[in-house]
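[1] quick one, structure for this:
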Amino acid sequence: MSHPAVPARFDPDVPIEPAADPYHVYLDSLTSPESRRTMRGCLDRIARLLTGSAASTGEGQPWHLLRYEHTVRIRTMLTEQGWSPAYVNKHLVALRRVLKESWRLGQTSAEDYARASDLPPVRHSRLPTGHHVPPEVVGAALSACQEGTAGIRDAALIAVLYSTGCRRAEIAGLTLRDYDSAARSLRVRGKRDKERMVYLTPDAIALLERWLAIRGLGEGPLFSPLTKKGRLRDRPLSGQGIADILSRRLSEAGAARRTAHDFRRTFIGELLDAGVDLATAQALVGHSSPATTARYDRRPEKTRREAVDRIKLPKPRPLS
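    The predicted structure follows:
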């Protein structure tokens, strides 16, 4: 069975200007570096699937020529990669958005855009990924942050992660202006540039204040990378930089690998275990839907485990 031919690449001798390239327009519309990096990767992978070239990117591709028969085929190609449904759906989101920018730029008609983007998501139901972070692991990681400027910064960073459940990109985006010591709060900018307030425990405040005594009270990022001599660089820590710090400190503590998302998962679980209502937990972590927050509720799992514990396995005994 033959598949519909995907439109050829633009003539390399007539490159499309970035200002008129839906690939660049879409990426420029995203508010965070993390989002731009993620969705750029999705579009580049789609381009590599279509061209068969490992060097291809989404830049300059004829997204405006894609029609429904092409996008259906792209969806099939994505599912055939063996990727998780959530990962495939992320690529489909990127595809729909770049098609929308093609329409907004007047490169394709409203009807062609509507047809090409009419792709159902891959249906799935999965348990949340990641692991619980026990208090003793957090304590061990903090104990590994006892020396030098980097240690003081990293202890504050870990304390903020654990006591707010923020995404690593949200931590990276914090500035000193976002911190209110009297209210024990941080103003966080989450996905789609939505602001929310999160709050720090007294112990986390103490560690953060210790870091600010070194950092100083000048404008700028709340957490910055350091030079080899321990001086602050004039730029924020990246999301990847936060992940690297967490990995290094846990390794130094002799603990198993944990991610920033594991801290987030643990924060949500601890809130719900403590009887905090779902709406409050949702607001604190910045989920757009309470159903997303509910997926991290460990209480039903505990109830099911206790139910199974009521079943007694018979002891070995030969039949008479």
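[2] quick one, helices of this protein?
    22-29, 33-51, 68-79, 85-104, 110-116, 135-143, 148-164, 168-172, 202-215, 239-252, 260-273, 278-285, 290-294, 299-308 (DSSP state H).
[3] redo those as CSV? Include mean pLDDT and distance to Val188.
    In this view, the C-beta of every residue, glycine as well, is placed from N, C-alpha and C. Below are the helices of the chain laid out as CSV (pLDDT from 0 to 100; distance: least, Cβ to Cβ, whole Å):
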stretch, mean pLDDT, distance to Val188
helix 22-29, 96, 21
helix 33-51, 94, 14
helix 68-79, 96, 32
helix 85-104, 96, 22
helix 110-116, 97, 34
helix 135-143, 95, 20
helix 148-164, 97, 8
helix 168-172, 94, 5
helix 202-215, 97, 14
helix 239-252, 95, 14
helix 260-273, 93, 12
helix 278-285, 95, 10
helix 290-294, 91, 16
helix 299-308, 82, 26
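[4] which one of these lies closest to Phe223?
    Of all the helices of the chain, it is helix 148-164 that lies closest to Phe223, at 5.7 Å by Cβ to Cβ.
[5] just give me how far that closest one sits from the chain centre.
    20 Å (Cα atoms, centre = their mean, to the nearest Å).
[6] ok, now stretch 144-163?
    Per Cα atoms, centre = their mean, the centroid offset for stretch 144-163 relative to its chain is 22 Å.
[7] export it as PDB, just CAs?
    The C-alpha coordinates for stretch 144-163 follow below in PDB (Å, rounded to 0.1, in the frame of the first residue of the first chain):
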ATOM      1  CA  ALA A 144      26.100  17.100  51.300                       C
ATOM      2  CA  CYS A 145      25.800  20.800  50.900                       C
ATOM      3  CA  GLN A 146      27.800  22.000  53.800                       C
ATOM      4  CA  GLU A 147      30.800  23.500  52.200                       C
ATOM      5  CA  GLY A 148      31.400  26.700  50.300                       C
ATOM      6  CA  THR A 149      29.200  29.100  48.400                       C
ATOM      7  CA  ALA A 150      28.000  26.300  46.000                       C
ATOM      8  CA  GLY A 151      26.900  24.200  49.000                       C
ATOM      9  CA  ILE A 152      24.900  27.100  50.500                       C
ATOM     10  CA  ARG A 153      23.200  27.800  47.200                       C
ATOM     11  CA  ASP A 154      22.500  24.100  46.500                       C
ATOM     12  CA  ALA A 155      21.000  23.600  50.000                       C
ATOM     13  CA  ALA A 156      18.600  26.500  49.400                       C
ATOM     14  CA  LEU A 157      17.800  25.200  46.000                       C
ATOM     15  CA  ILE A 158      16.900  21.700  47.300                       C
ATOM     16  CA  ALA A 159      14.800  23.200  50.100                       C
ATOM     17  CA  VAL A 160      12.800  25.300  47.700                       C
ATOM     18  CA  LEU A 161      12.200  22.300  45.400                       C
ATOM     19  CA  TYR A 162      11.100  20.100  48.300                       C
ATOM     20  CA  SER A 163       8.800  22.700  50.000                       C
END
